[in-house]
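Chemist: quick one: sequence plus predicted model below, questions after.
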Amino acid sequence: MKYSTFPVQKITKSKLSSVNFDDLKFGRDFSDHMLLVEYKNGAWETPQILPYQPLEFSPAASVFHYGQAIFEGLKAHKNEAGEIFVFRADENLKRLNSSATRMCMPHIPKGIFLDGLKQLIELDREWIPVGPGMSLYLRPFMVADDPFLGVKPSGSYKFMIITSPSASYYTGAVKVKIETHYSRAAVGGIGAAKAAGNYAASLLPAKKAQEEGFDQLIWTDAQSHEFIEESGTMNLMIVKGNTLLTPPLEGKTILPGITRKSILQLAEEWGYEVIERRISVNELTEGIEDHSIDEVFGVGTAATIAPIAAIGFEEKLLKLTDFTQWKFSTKVKQYLEDLKTGKIADTHNWIEVL
């Protein structure tokens with residue numbers, strides 16, 4: 001696929017040989033190059049690809065004081081033949097610019113985002129691991145860097161893309177706790193934006209849950225804590241017979257996941273009834289207890305599908321059936337993995353082949 005190219009300053013010596021590809025951890029190692037473009041005087045400057053390196057910021061940079069920081073996450077996969085596949089990058093750009101609108105930041109032009117992404121992936125193609133659950137994780141992000149201590153939108157920004165060879169985020173089913181004290185997002189807030197502050201606010205309650213033996217949380221609504229929203233950093237889905245349920249996006253307290261959007265479309269095509277509506281904590285817990293709920297799982301870029309094996313609520317630990325026997329989540333996970341590695345035909349035009 002052709003794309004516009006930007007100036008490149010290549011590394012003098014690759015770090016590739018120092019990385020143990022047999023023992024990759026998610027988001028720990030970073031490839032040789034990165035994309036950087038500056039926004040100044042109301043316009044984006046010429047993007048450039050540089051060796052991966054530290055950046056210099058003023059101590060007064062707006063991002064440190066007022067939190068204008070947004071990001072995205074997507075993956076590149078490579079098959080044995082060396083073909084590279086990128087899943088729905090155009091949707092990541094749409095969501096990034098939606099986040100930018102909410103955080104009062106400039107939009108990223110399509111040419112900078114998509115062409116820069118492709119050039120960077122091609123340049124560091126040897127960093128893409130091959131194998132089940134393996135990928136090159138791609139992290140586009142934008143931060144405010146105006147050196148001014150005043151509460152206003154920054155006048156200058158940095159947009160960057162860095163990449164990281166990674167293995168699976170989760171290797172099995174997870175154990176989660178329903179959170180009824182802390183909140184991830186409120187109506188009118190920034191829950192629908194992929195903003196750094198959302199993740200910072202989640203760290204303490206997630207840490208507390210981990211100290212209790214849980215992997216992650218199921219967030220509930222900020223007003224009453226009666227309705228479920230997200231699961232950790234993932235969208236949440238429930239299967240009841242031939243119905244797929246998930247919380248709705250209308251309140252803008254839930255991140256509009258690209259994996260979420262794709263799975264809902266596939267479920268409809270496969271004959272499932274797809275319902276987006278509020279789901280109460282009671283409906284979830286009672287459905288597990290009376291076995292009317294068949295599957296509960298999180299969906300997102302990092303994990304794709306994360307089956308939930310057990311849910312803690314109040315003093316109870318509610319256990320689900322063996323996730324290896326689940327029909328829908330197993331099928332959709334395999335479908336997406338095969339699609340992202342070119343093993344099956346792309347009938348939806350979701351894949352860019354480099």
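Modeler: Good, I have the coordinates. No experiment lies behind these values; they were computed from the predicted model shown.

Chemist: all helices of the chain, in order?
Modeler: With DSSP state H as the definition, the chain shows helices at residue ranges 62-66, 89-102, 110, 116-123, 196-211, 258-269, 281-289, 328-340.

Chemist: nearest to A173, of the ones you listed?
Modeler: helix 328-340 (10.2 Å; C-beta to C-beta). In this view, the C-beta of every residue, glycine as well, is placed from N, C-alpha and C.

Chemist: now find how far off-centre the closest one is within its chain.
Modeler: Put simply, helix 328-340 sits 17 Å off its chain's centre (C-alpha atoms, centre = their mean, to the nearest Å).

Chemist: in that helix, what counts as buried?
Modeler: Applying a neighbour-count criterion of 16 or more other C-beta atoms under 10 Å, one finds F328, S329, T330, V332, K333, Y335, L336, E337, L339, K340 buried in helix 328-340.

Chemist: can I get those residues in JSON lines including distance to P132 and pLDDT?
Modeler: JSON lines is the format used below for those (distance: C-beta to C-beta, whole Å; pLDDT from 0 to 100):
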{"residue": "F328", "distance to P132": "20", "pLDDT": "98"}
{"residue": "S329", "distance to P132": "17", "pLDDT": "97"}
{"residue": "T330", "distance to P132": "14", "pLDDT": "96"}
{"residue": "V332", "distance to P132": "16", "pLDDT": "97"}
{"residue": "K333", "distance to P132": "11", "pLDDT": "95"}
{"residue": "Y335", "distance to P132": "15", "pLDDT": "97"}
{"residue": "L336", "distance to P132": "13", "pLDDT": "96"}
{"residue": "E337", "distance to P132": "8", "pLDDT": "95"}
{"residue": "L339", "distance to P132": "14", "pLDDT": "97"}
{"residue": "K340", "distance to P132": "11", "pLDDT": "95"}
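
Chemist: and the residue lying closest to I288 once chain neighbours are set aside, how many neighbours?
Modeler: What sits nearest to I288 in space, not counting adjacent residues and going by C-beta to C-beta, 6 or more residues apart in numbering, is L318, at 4.5 Å. L318 has 18 neighbours, counted by other C-beta atoms under 10 Å.

Chemist: likewise the one 3 residues further on?
Modeler: Under the neighbour criterion other C-beta under 10 Å, T321 is assigned a count of 13.

Chemist: excluding chain neighbours, give the residue nearest to it in space.
Modeler: D294 (7.5 Å).

Chemist: before we move on, what about W44?
Modeler: For W44, ignoring the flanking residues on the chain, the nearest one in space by C-beta to C-beta, 6+ apart is V37 at 5.7 Å.

Chemist: how about that neighbour, what does it touch?
Modeler: Shown in contact with V37 (C-beta atoms under 8 Å, 6 or more residues apart in numbering): W44, E45, T46, P47, Q48, I112, G116, K158, F159, M160.

Chemist: sitting in strands, which of the residues you listed do you find?
Modeler: W44, Q48, K158, F159, M160 (DSSP state E).

Chemist: who does the last one bridge with?
Modeler: If I follow you right, that is M160. L36, F141 (DSSP bridges).

Chemist: just the pLDDT for it.
Modeler: M160 is assigned 98 on the pLDDT scale.

Chemist: so who does it touch?
Modeler: Contacts of M160 (C-beta under 8 Å, 6+ apart): M34, L35, L36, V37, P140, F141, M142.

Chemist: run through the bridge partners of the closest residue to P248 other than its chain neighbours.
Modeler: Spatial nearest neighbour of P248, excluding adjacent residues (C-beta to C-beta, 6+ apart): E276 at 4.4 Å. In this structure, E276 bridges to T246 when assessed by DSSP bridges.

Chemist: quick one, what contacts E276?
Modeler: So E276 contacts L245, T246, P247, P248, L249, L264 (C-beta under 8 Å, 6+ apart).

Chemist: which one among those residues gets closest to K94?
Modeler: L249 (13.6 Å).
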